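>>> the following comprises the amino acid sequence and a computationally predicted model.
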Amino acid sequence: MNPGCGGILASIGNRTEPEDTMNLPTLPAWTLASAGCALLLAAGGTPGDPPKFAAPKRIKAGDKFLGEGRLYPSPVLHDIDGDGRADLVVADLIGKVTFAKRNQSGALAAEAAVNDRDGQPLKFHNW
Amino acid sequence: MGSQFVDLNGDGHLDYLTATFDGSPHIAYGDGKGFGKPEHLKDAQGQRIVISSIWDYDAKKHRDADPAIPGERCISALAFDWDNDGDYDLLLGSYENGHLYLQKNEGTSKAPKFTGKNIPVLAGGKPFAVPGKMTSPRLVDWDGDGDLDLIAGSFGDSYGQGKGGGVYLARNIGKPGKPEFAALETLIEPSAKGCSEPTRPDAGLYVEAVDYDGDGDLDLVVGGYSMWTPKPRKLSAAEQKRADELTAQKNRLTTERTAVNRKISKEVADATAGLDHSSKEYRAAASAVYAKHREDTLAYSKKYSALTKELGELVPGSQRKSFVWLYERK
C-alpha cells in the first residue's frame, strides 16, 4: 500500500505537505493524487453568502451504497493505493477502515479493507 | 472516528491519525510500505494524550484524567501547524459539548513533543462549541483566502425523534501563526427528520469538503445515519387482523421481558454484593448470572426479531441506516 500524495491539507509553515500542488489545473478531486491536494483549488464562499447545495445523493461503491450499514461512517478522499486517483476511505466508530477504489472511469469499486503493512486489516482500538 | 493522512513524524511518509471513543488520539505510522499497527499517540511525558474522559484499559472503566473538565472525551484529532513554527500541533475535539482544544508541539517536526496541556480554541470570541455533540472536524480552505478554516459535523439525536445533526463552518480570520476563528456558520441545517424515505444524513454527520465534481467549488461528502418511517400501505382485513395480533404479542413479550430483566439485575446485584465493580471477582459473578439466563435471552431475542420482522412487513416501523452522501454545491 502506498499512502500516496497527501490526504488532508495540513500545512507546515508556508508549505503544504508533502508537495506543493498550487499549480495544478482544476480537475475533479478524484483525478488528483489526493483530495487534500484539490482543496486549495476551490473556494467555498464568503461570509454572509450561505452556500447552496443540490439535494444530497447517496454515493455508490460497486453495487452497494458507500458506508451502508456501517457504524457512523466517516468519509475522507485519499489516494490509498497510490494510483494517482483519490479513493474514498471510510472509517467507523469501532475503528474499522475500508476504502472504495476509484477506477479509471471515475466510478468507485466495492469497499475493501485497508490493510496494514503486514496485510492485516487496519483496526484502531475503541473501548 | 475521523481520518487524517499526515506526516506527523516528518519521515517523508504519511501516517494515519485519528481518535476513537476511548478518549485518545491513535496513530498508525507509515513507512512507504504501508501502515504499522495503530498505537496511542503519546505526549512529551510518554502519557496517553487526552482531554479528560478516557476509557481506562487496565481498570476497564471510564475515568476523568482532568477533574477540572469532567466528561470531556477526545474523539477527534487533527494535526495542524497552529503557530507556523514548522511542526505539527494537535487539535483535539470533545464529543459531549463540541469543544476544541489546542495541544502545542514543543519539539520538532521529526521529534514531536506534545505538551500535555490543552488550550481551549475559540470561535467568535467564545469557546468553540459545535451544537449537538461534535463528530470529527476537518481543516479546509473553505473561502479560498489561503488559510485553513474548520468544518465540523454534529451527532444530533442519533436514536430518537429529536433534532438531528448538521454541518458547521468556522472561518479562519487570523494571520499565519496566529489563527483566529469566527463564530460558527451553518453549512447544513440540523435535520428535522420525519421523512418517509432516506433523503439525507439525519444524525452522526461526518463531513469531508472537496471539489468532488471538479467544477471549481467545494462540495461536501457526508457520512451519517438516515432515519425515516416508510408510509404504511393499505392493509386487507386479514392483514390488519394479523398486524393487531402481532402488535399485541409484541407488547406482551416486551412486558414479560422487562420483568425478566429486572429479575436478572437483582440476581446480579445479589451475587456481586460488596465486590469492587472493576474486580475480576465482580465480572466473574456477574457473568455467571448472565450465563444462567443465556438460553432464555437468546430465545427471547429470536422470537422478538421474528415477530418484529413480520410486523414490519405489514406496518413498517422506524428505519435507521448509515450511508455516505454527496452535497453538490450549486
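Done, it's in.
>>> any stretches of chain B with poor pLDDT?
Counting by pLDDT under 70, chain B contains no low-confidence residues.
>>> give the rounded mean pLDDT of the helix or strand hosting residue A:110.
Residue A:110 belongs to strand A:108-113 when assigned by DSSP states H and E. Strand A:108-113 carries an average pLDDT of 98.
>>> how about that strand: buried residues?
Neighbour-count burial for strand A:108-113, with 16 or more other C-beta atoms under 10 Å in any protein chain shown as criterion, is recorded at A:108, A:111, A:112. No exception for glycine: its C-beta is placed from N, CA and C like everyone else's.
>>> can you check stretch B:137-153 too?
With burial defined by 16+ other C-beta under 10 Å, the residues of stretch B:137-153 counted as buried are B:137-144, B:147-153.
>>> ok, stretch B:11-20 next?
Residues B:13, B:14, B:15, B:16, B:17, B:18, B:19, B:20 are the ones in stretch B:11-20 that count as buried (16+ other C-beta under 10 Å).
>>> which residue is nearest the centroid of chain B?
Geometric centre of chain B, nearest residue: residue B:135, 4.9 Å, by C-alpha atoms, centre = their mean.
>>> find the nearest non-adjacent residue to that one, please.
Once flanking residues are discounted, residue B:135 sits nearest to residue B:153: 4.4 Å by C-beta to C-beta, 6 or more residues apart in numbering or on different chains.
>>> pretty sure the one you found sits against residue B:167.
Yes - using C-beta atoms under 8 Å, residue B:153 is in contact with residue B:167, at 5.0 Å.
>>> overlap in contacts, the two.
Common contact partners of residue B:153 and residue B:167 (C-beta atoms under 8 Å, 6 or more residues apart in numbering or on different chains): B:188, B:205, B:207, B:222.
>>> for those, give me a markdown table that also has secondary structure and neighbour count.
As requested, those are exported to a markdown table (DSSP: H, G, I helix; E, B strand; the rest coil; neighbours: other C-beta atoms under 10 Å in any protein chain shown):
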| residue | secondary structure | neighbour count |
| --- | --- | --- |
| B:188 | strand | 24 |
| B:205 | strand | 32 |
| B:207 | strand | 32 |
| B:222 | strand | 31 |
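>>> among those residues, which ones lie close to chain A?
Counting by C-beta under 8 Å from any C-beta of the partner chain, B:188, B:222 from the shared contacts of residue B:153 and residue B:167 sit close to chain A.
>>> what is residue A:115 paired to in the beta sheet?
Note on residue A:115: beta-bridge partners residue A:121, judged by DSSP bridges.
>>> next: residue A:108.
Taking DSSP bridges, one obtains residue A:102 as the residues bridged to residue A:108.
>>> contact partners for it?
A:59, A:60, A:61, A:62, A:66, A:87, A:88, A:100, A:101, A:102.
>>> among those residues, which one lies nearest to chain B?
residue A:66 (4.1 Å; C-beta to the nearest C-beta).
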